[in-house]
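Trainee: Sequence and predicted structure, then a few things I'm wondering about:
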Amino acid sequence: MKPKRILIVRLSAFGDIVQTLPLLAEIRRLYPEATIGWLVEEAGASLLEGNTALDVLHIAKRKTWLKQLKSPLKFFHAVAEIGSFIAALKAQRYTVVIDVQGLLKSAIWGWLAGIPKRIGFTPAREQAFRFYTHTHASFHPIKSTLHATQEFLSLLTLVEKHYAIPTVDALQYPIFQQLPPLSADAVAPFIPPEWLSNRQLEPIILLAPCTAWASKQWGRQQWVTLAGLLIEAGFKVVWIGSKADVAWFTPLFEALGQQSTQQRNHWVSWVGETSLQQLYRLFSSVDCLVGADSVAFHLANAHARNHPHQSLKLVGLFGATKPTRTGATFLPEESVATMLQTKEALPCMPCHQRNCLLDVNAMACMQGLLPQQVFDSIRILVKN
């Protein structure tokens with residue numbers, strides 16, 4: 001019997017939410033008449049609001065509630081809000097919940113809402129699997145040969161008996177479907193008009209240095225060197241990052257400020273100035289994104305998949321995580337993405353740890369990735 005009401009649970013983080021979108025697309029394809037909901041935390045809701053593949057978006061104010069529960073003045077207000085939130089989940093009468101995140105904070109919602117079929121991975125951190133009624137064997141983040149998006153899709157085998165996991169080139173990313181391209185006037189505050197008119201000779205490159213994991217971080221000096229190489233070769237450079245990244249960029253921009261006036265006229269900063277929706281729409285006006293395993297990279301991957309005719313190129317920098325697991329979902333022959341790692345073989349790669357367990361200052365896996373190597377890949381992709 002086909003499920004009629006399905007809930008996806010993926011609370012955070014931004015990049016993981018983007019990589020869960022193919023699961024949403026597959027559920028909608030398999031069950032076009034079903035009611036599909038998604039449970040997400042406040043921060044990640046902006047990636048899902050208005051999504052035409054979704055029927056219901058449940059936004060859990062988990063962090064706000066935790067703070068309020070510690071306050072005698074706000075305790076009962078938080079309890080009431082949580083109760084209302086659970087009641088709203090119950091009112092949807094979901095019959096299946098798929099918890100992609102595999103944590104206590106994600107697994108508990110399906111149980112609290114009384115959803116009869118609760119699907120997730122086992123073993124899972126924090127004993128989350130104890131809240132599931134149906135479990136799928138977890139994939140080892142290092143040994144697995146599947147992309148993370150394919151691993152999430154494997155949970156559908158517990159819903160659809162003979163479900164076949166698609167190849168990475170067949171994955172779809174339903175996101176921001178109803179947003180029209182930005183007008184020239186809307187783009188102008190971000191990209192100088194003369195840059196846009198001269199893109200064929202001087203392509204525009206987005207550089208996205210910041211990541212949530214310290215182990216994925218390439219050094220500031222490497223980014224400065226790469227920017228210098230790009231500018232000398234006739235590229236235009238745009239720096240992107242969130243408001244939380246502003247402090248990280250301060251010494252980097254100070255170093256860039258010491259360059260010649262001619263070089264300073266060839267780069268701009270969008271750091272802290274764009275929402276994720278704006279960034280996604282601005283991808284149509286640039287030629288290539290260079291970034292580590294981060295939300296900007298995954299969002300660009302989704303854009304490139306959804307708008308292949310616009311030829312957005314991707315260059316990913318990887319060390320602690322595997323390109324085959326969280327890299328761009330493209331076939332090599334499409335030549336629209338290049339995943340880079342240090343040429344020196346390191347026995348600890350990939351470690352899949354937030355922080356380097358050997359030497360956080362050395363970060364050999366990322367520091368061994370040379371700016372010239374990255375520049376050469378950009379030039380091959382974009383100039384060709």
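Mentor: Perfect, thanks for sending it.

Trainee: The stretch 251-384 of the chain: helices as residue ranges?
Mentor: Here the stretch 251-384 of the chain has its helices, by DSSP state H, counting those that start in this stretch, at 261-264, 276-282, 295-306, 323-326, 364-367, 371-383.

Trainee: so how far is the fifth one off the chain centroid?
Mentor: In this case it means helix 364-367. Remark: helix 364-367 is offset 22 Å from the chain centroid, using C-alpha atoms, centre = their mean, to the nearest Å.

Trainee: Residue 181 is nearest to which of the helices of the stretch 251-384 of the chain?
Mentor: Nearest of these to residue 181, taken as C-beta to C-beta: helix 276-282 at 6.5 Å. Where you see a C-beta, it was placed from the backbone N, CA and C, and this is true even at glycine.

Trainee: what about that closest one, average pLDDT?
Mentor: Across helix 276-282, pLDDT averages out at 96.

Trainee: tell me which residues of it are tucked away?
Mentor: Using 16 or more other C-beta atoms under 10 Å as the test for burial, helix 276-282 gives 276-277, 279-282.

Trainee: tell me the average confidence for stretch 48-65?
Mentor: Mean per-residue pLDDT for stretch 48-65: 97.

Trainee: Is residue 73 in a helix, a strand, or coil?
Mentor: Assigned with DSSP: H, G, I helix; E, B strand; the rest coil, residue 73 falls in the coil class.

Trainee: picking up where we left off before, take the buried residues of helix 276-282 and write them to JSON lines, including distance to residue 291.
Mentor: Below are those laid out as JSON lines (distance: C-beta to C-beta, whole Å):
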{"residue": "276", "distance to residue 291": "14"}
{"residue": "277", "distance to residue 291": "18"}
{"residue": "279", "distance to residue 291": "11"}
{"residue": "280", "distance to residue 291": "14"}
{"residue": "281", "distance to residue 291": "18"}
{"residue": "282", "distance to residue 291": "14"}
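
Trainee: From those residues, pick the one nearest residue 246.
Mentor: Comparing those against residue 246 with C-beta to C-beta places residue 279 closest, at 15.6 Å.

Trainee: give the contact list for that closest one.
Mentor: Applying C-beta atoms under 8 Å, 6 or more residues apart in numbering, we find residue 279 in contact with 240, 270, 296, 299.

Trainee: Over to residue 16?
Mentor: Contacts of residue 16 by C-beta under 8 Å, 6+ apart are 10, 100-101.

Trainee: Wasn't residue 57 part of a strand?
Mentor: Yes. Counting by three-state DSSP, residue 57 is found in a strand.

Trainee: Am I right that it is in contact with residue 49?
Mentor: Yes. Contact criterion C-beta atoms under 8 Å: residue 57 and residue 49 qualify, at 6.5 Å.

Trainee: which intervals of the protein have sub-threshold pLDDT?
Mentor: Applying pLDDT under 70 to the chain flags residues 260-262, 331-335, 360-362, 384.

Trainee: care to break it down by domain?
Mentor: 5-167, 185-383 (automatic domain parsing).

Trainee: Make JSON lines out of those and add distance to residue 175.
Mentor: As requested, the domains of the chain are exported to JSON lines (distance: least, C-beta to C-beta, whole Å):
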{"stretch": "domain 5-167", "distance to residue 175": "6"}
{"stretch": "domain 185-383", "distance to residue 175": "5"}
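
Trainee: so where do the strands sit in the protein?
Mentor: Residue ranges of the strands in the chain, as given by DSSP state E, are 5-9, 35-41, 56-60, 96-99, 117-122, 134-137, 204-208, 236-239, 267-269, 288-292, 313-317, 337-340.

Trainee: Tabulate the ones you listed (TSV), appending mean neighbour count and distance to residue 329.
Mentor: TSV is the format used below for the strands of the chain (neighbours: other C-beta atoms under 10 Å; distance: least, C-beta to C-beta, whole Å):
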stretch	mean neighbour count	distance to residue 329
strand 5-9	24	19
strand 35-41	21	20
strand 56-60	17	24
strand 96-99	26	20
strand 117-122	22	20
strand 134-137	15	21
strand 204-208	24	18
strand 236-239	22	24
strand 267-269	18	29
strand 288-292	26	15
strand 313-317	25	10
strand 337-340	21	9
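
Trainee: For residue 327, which of the ones you listed is the nearest?
Mentor: Among the strands of the chain, the nearest to residue 327 by C-beta to C-beta is strand 337-340 (4.4 Å).
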